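Student: Below: sequence and its predicted model.
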Amino acid sequence: MSNLHPYIRLGTHYSALVAKVAKSSREFHPGERVELEITGIAHGGETVARSDGWVFFVRYAIPGERVIAEITQTGKSFHRADAVEIITASVDRVTPECRYFHPGGCGGCDFHHISARRQRELKSQVITEQFARVAKMDITIPVAEVPLADRDTTGYRTRMTLSIDSQARAGFYKVRSHEIQPIEECIVAADHLEIAQVLAKRYPDQSTIQIPSESRVEQITVRGKRYTFRVSSESFWQGHLRAAEVLGERALAALAPEPGERALDLYGGVGLFGKLLADSGCEVEIIESSASASDDCRFNLQEFSSARVHEGAVERKIREIQSAHLVLLDPPRSGAEHEVLRAIVALAPRRICYISCDPASLARDSARLAELGYRIAEASAYDLFPQTAHIECVFTFEPVIS
């Protein structure tokens, strides 16, 4: 164990966060109110409570609180509820700044009622619990704050998809609902989105709108150098104002690229990480399935003759890669396909940097990489989605030397 990152110990077995318990004969019904003691946090932003042999997943509560919860959904193995009255409040409870954050309101955020410090602590617990349950690994990682110059948990979000209701108004879906909550403001939206002007308009004959809706230029500074990227309206870009540079810095530190090394960037998007690696002197192969992002990527890396963009599914295009010293992957929330992980390991890279926005799929893929002979060397997490349950993790893997 001495070779492992100090926050990581492998092979420890844990029970799941929500243990199976014997259910009583008592029946609960939607709309019924029940007094609950909140004991934990679950993946996805809900808290956990137990009563009469049943597990409850509760929104708008904080671990340690006693609440009156109104049941919103019943099931065969658990029920869901919203905290509608706080009997014993946590010291970490705060008054939400968002007027749409309440039971029956906007479902875009999860944690407006929790202090920023406690939000990060709970996210760290989620990572620990997901790795214990899914990967049977004992991991503790503090979630780092990523503040802006004049604020911490608001005004950070750089892109949004809004839904349009029957009256042509823009908003977000309510929690676990197909009903749209129209809004007039959003406090997590970055200033440059001018969200109030967007929300003041009506959008007939549209079901959704994307903000920004036009191609744009993004600029970041990594290791003191300025980088520019073209991002088309259909292409992915990180959602936090500082995410691209924070993750870029971390990725370079994790991989420590050397001039002349061959680097493979999977799910490469518009070339954020590929450009940083190419500028470090690497020969870079980028694989991206989106036609729009692939076009942007070629444009963004046109100055690097040693960089190539492969458009297509990662699980198919990776077969064309012959070797790689370094591999970086930033897959969708569902994680990497098992065949992709096997193909990565077959290339025998000296380091793998895995960027993930979902601890559950990251835990699953970490276990698979362990089975394939790669151990976790470093692990970090960032609070790039304040007020929500989402977490961004950066894990570095290296081959186990027998």
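Tutor: All right, it came through fine.

Student: show me what contacts the residue nearest to the spatial centre of the chain?
Tutor: Nearest residue to the geometric centre of the chain (Cα atoms, centre = their mean): Cys357, 2.5 Å. Taking Cβ atoms under 8 Å, 6 or more residues apart in numbering as the criterion, Cys357 is in contact with Arg333, Phe385, His390, Ile391, Glu392, Cys393. C-betas here are computed from N, CA, C, even on glycine.

Student: Now render the residues you listed as a markdown table, adding distance to Pro30, secondary structure and neighbour count.
Tutor: Below are these laid out as a markdown table (distance: Cβ to Cβ, whole Å; DSSP: H, G, I helix; E, B strand; the rest coil; neighbours: other Cβ atoms under 10 Å):
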| residue | distance to Pro30 | secondary structure | neighbour count |
| --- | --- | --- | --- |
| Arg333 | 29 | coil | 11 |
| Phe385 | 30 | coil | 24 |
| His390 | 28 | coil | 18 |
| Ile391 | 30 | coil | 25 |
| Glu392 | 35 | strand | 27 |
| Cys393 | 35 | strand | 21 |
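
Student: what residues are up against the nearest residue to Gly373 once chain neighbours are set aside?
Tutor: Closest residue to Gly373 apart from its sequence neighbours, by Cβ to Cβ, 6 or more residues apart in numbering: Val400 at 5.3 Å. Counting by Cβ under 8 Å, 6+ apart, Val400 touches Gly373, Tyr374, Arg375.

Student: Scan those residues and report the most crowded one.
Tutor: Counting neighbours by other Cβ atoms under 10 Å, Tyr374 leads the contacts of Val400 with 23 neighbours.

Student: these two touch, right, it and Ile352?
Tutor: Yes - contact between Tyr374 and Ile352 holds when scored by Cβ atoms under 8 Å: they sit 6.3 Å apart.

Student: Next, show the common contact partners of those two.
Tutor: Taking Cβ under 8 Å, 6+ apart as the criterion, Tyr374 and Ile352 both touch Phe397, Glu398.

Student: that older thread, which one of the contacts of Val400 is nearest Leu301?
Tutor: Nearest to Leu301 out of the contacts of Val400 is Tyr374 (Cβ to Cβ; 27.4 Å).

Student: Pairing partners for the helix or strand hosting Glu218, with directions?
Tutor: Taking DSSP states H and E as the criterion, Glu218 maps to strand 216-222. Sheet pairing for strand 216-222, assigned by DSSP bridges, gives strand 225-231 (antiparallel).

Student: Next one: the nearest residue to Thr221 once chain neighbours are set aside relative to Ala61, how far apart?
Tutor: Distances taken as Cβ to Cβ, 6+ apart place Glu245 nearest to Thr221, at 6.0 Å, with adjacent residues excluded. For Glu245, the distance to Ala61 (Cβ to Cβ, to the nearest Å) stands at 35 Å.

Student: What of Thr158?
Tutor: From Thr158 across to Ala61, the span is 30 Å (Cβ to Cβ).

Student: The two: which is more packed in?
Tutor: The neighbour count for Thr158 versus Ala61, taken as other Cβ under 10 Å, is higher for Ala61 (30 against 21).

Student: List the contacts of the closest residue to Ala360 other than its chain neighbours.
Tutor: Spatial nearest neighbour of Ala360, excluding adjacent residues (Cβ to Cβ, 6+ apart): Gln130 at 4.9 Å. Taking Cβ under 8 Å, 6+ apart, we find Gln130 in contact with His43, Pro359, Ala360, Leu362, Ala363.

Student: Give me the pLDDT for Gln130.
Tutor: Gln130 is assigned 97 on the pLDDT scale.

Student: and if you look at Ser24?
Tutor: pLDDT for Ser24: 67.

Student: now the one 3 residues further on
Tutor: Glu27 is assigned a pLDDT of 89 by the prediction.

Student: Distance of it relative to Phe56?
Tutor: Distance, Glu27 to Phe56, by Cβ to Cβ: 14 Å.

Student: between the two, who's got more neighbours?
Tutor: Higher neighbour count among Glu27 and Phe56: Phe56, with 23 against 10, using other Cβ under 10 Å.

Student: so that one bridges to which residues?
Tutor: In this entry, Phe56 is beta-bridged to Ala49, His79, by DSSP bridges.

Student: List the residues that contact it.
Tutor: By Cβ under 8 Å, 6+ apart, the contact list for Phe56 reads Val34, Leu36, Val48, Ala49, Arg50, Ala69, Ile71, Phe78, His79, Arg80, Ala81.

Student: Could you dump the residues you listed into CSV and include pLDDT and distance to Ala343?
Tutor: Below are these laid out as CSV (pLDDT from 0 to 100; distance: Cβ to Cβ, whole Å):
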residue, pLDDT, distance to Ala343
Val34, 97, 50
Leu36, 98, 47
Val48, 98, 38
Ala49, 98, 43
Arg50, 96, 43
Ala69, 98, 47
Ile71, 98, 46
Phe78, 95, 37
His79, 97, 42
Arg80, 97, 39
Ala81, 98, 44
